[in-house]
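Undergrad: structure for this input, please:
(one chain, ligands or ions: 2)
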Amino acid sequence: MEATPRPDAHAVQRAETLHAQATAALAAGNPAEAATAFGEAASIGHPGAQLELARLHLYGIGMPSDPAQAVHWLERAEAAGHPGAAYLLALVAVGGTTLPRDGRIDARVLRAVQQGVTPALRAAALHFGRKPDPADQTRCVQLLEHAAGQGDIVAAQLLAERLVRGEGCPAQSDAARDLWTQLERAGVPRLPAIETPLPVQAAGPAGQLALLEALVAPDWAVLSETPAVRSIDGLLSADECRLLVACAQPQLRASMTVDPVTGEALANPLRTSHDASFDPLREDLALRLVQLRIAQAARMELVHAEQLIVLRYTPGQEYKPHRDYLPPSSLATHAPGAGNRTRTICVYLNAVDGGGATAFPEAGVSVAPAPGRAVVFDSLKADGSPEPASLHAGEPVKAGEKWLATLWLRERPYRGF
Ligand SMILES: O=C(O)CCC(=O)C(=O)O
Ligand SMILES: [Fe+2]
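TA: Ligands and ions are numbered 1, 2, ... in the order given. I've put the predicted structure just below:
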């Protein structure tokens, strides 16, 4: 890596001014202007500007997405000692498209954890939380405490759920109640009760970070060959199911469907749930690792996936019989280069008190919700043409809530990294 020449005091001052201008431009909704100013400050050697510029390149804000360019600036910021840069480089590398999946991932996350980078603490907590060793369970709680102490609301929610059940610590119902009272005062909704009675595959060696274990998914069981329907148990841990619900809750809105004639998104009685779509910008390392395992379970690369969707159904709500492949009208406007939706994986995040199974009438199979269980099915035939027998429905919920995470996977890459 090239060493960045040390800028003089005047240049440092100018870089600070540009960084402040760029930050203001971004907040005011002028990403192109922000990119120019961050770019100038980054070239002078401002590590914060290098990191911000990298994020714009990565997510294609104010410019087309260019992960390789993002990595270039992140490596500079990392060399200058910016704690967030190591974290972001690890986040890019786990995807395996722009940087190799190698030992630097764990080393970088470990460094970010030691420097207290909040999303790194959250990701490490969830990783250790999947290891059965009691010391790792304790580590998970400590990392959640550290992140929550730094203002990470989601970590605080996950911590409260562990405290109340005594997961990785003695049960502390008073402390859990106090924490929930504080959270509720701040407008944070309660999480549904999520426990995973299904055994979850252990996450690599005890006592150490080995984040690439996220890519190891349990095998599927074939329920129907044609149409292809499979199920997988123990895909996500309780913490991971809670994470998806907690991240979705603030963004829930009435679900839309694609009009088969016009391709427009419409509120539709076909689908009465609420859902949240995860903007890639909001995908932190923990969410990315969870999604990588979900994609792996579906035996596809995550770059083929549209944005993760989390759905919530309350009693009476359902997703009436439908097929997931896109009609030609919407395919033409929704990333046609990626091809059609070829496969879907839905992961149940909680136990539903009544109803809510996913039914495949043509296959004659039905999958009941259980936390961490997934159903994987194909929407296209082997020759790429639509498979009408992939018809399926989310049956009405009769009691309690149903939380579900869905990845719709395209024939070809849909995401940039
Ligand atoms: O709610 C369900 O069980 C099915 C969801 C579904 O069909 C979808 O997300 O495409
Ligand atoms: Fe569907």
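Undergrad: when you work out contacts or count neighbours from here on, use the C-alpha atoms and nothing else.
TA: Will do.
Undergrad: what ranges do the helices span in this structure?
TA: With DSSP state H as the criterion, the chain has helices at 9-27, 31-44, 47-59, 67-79, 83-95, 104-114, 118-129, 134-149, 153-165, 173-185, 238-248, 285-297, 328-333.
Undergrad: could those be laid out in a markdown table, adding mean neighbour count and distance to ligand 1?
TA: Shown next, in a markdown table, are the helices of the chain (neighbours: other Cα atoms under 10 Å; distance: least, Cα to the nearest ligand atom, whole Å):
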| stretch | mean neighbour count | distance to ligand 1 |
| --- | --- | --- |
| helix 9-27 | 17 | 33 |
| helix 31-44 | 22 | 33 |
| helix 47-59 | 25 | 25 |
| helix 67-79 | 21 | 29 |
| helix 83-95 | 24 | 23 |
| helix 104-114 | 20 | 32 |
| helix 118-129 | 27 | 25 |
| helix 134-149 | 21 | 30 |
| helix 153-165 | 23 | 24 |
| helix 173-185 | 15 | 28 |
| helix 238-248 | 23 | 15 |
| helix 285-297 | 23 | 14 |
| helix 328-333 | 15 | 16 |
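Undergrad: of all the ones you listed, which lies closest to Ala265?
TA: Nearest to Ala265, of all these, is helix 328-333, at 9.4 Å by Cα to Cα.
Undergrad: once you drop chain neighbours, what's closest to Leu289?
TA: Once flanking residues are discounted, Leu289 sits nearest to Ala214: 5.7 Å by Cα to Cα, 6 or more residues apart in numbering.
Undergrad: and what of His146?
TA: Closest residue in space to His146, ignoring its immediate chain neighbours: Leu121 at 7.3 Å, by Cα to Cα, 6+ apart.
Undergrad: got it, and Arg410?
TA: In space, Arg410 is closest to Arg341, 4.2 Å off (Cα to Cα, 6+ apart).
Undergrad: I figured the one you found hits Leu409, correct?
TA: Yes. Under the criterion of Cα atoms under 8 Å, Arg341 makes contact with Leu409 at 5.4 Å.
Undergrad: just want to know which of those two has more residues nearby.
TA: Shown here are Arg341 and Leu409; by other Cα atoms under 10 Å, Leu409 has more neighbours (31 against 25).
Undergrad: show the contacting residues for that one.
TA: 300, 304-306, 341-344 (Cα atoms under 8 Å, 6 or more residues apart in numbering).
Undergrad: what about 10 Å?
TA: Counting by Cα atoms under 10 Å, 6 or more residues apart in numbering, Leu409 touches 295, 298, 300-308, 324-325, 338-345, 378-379.
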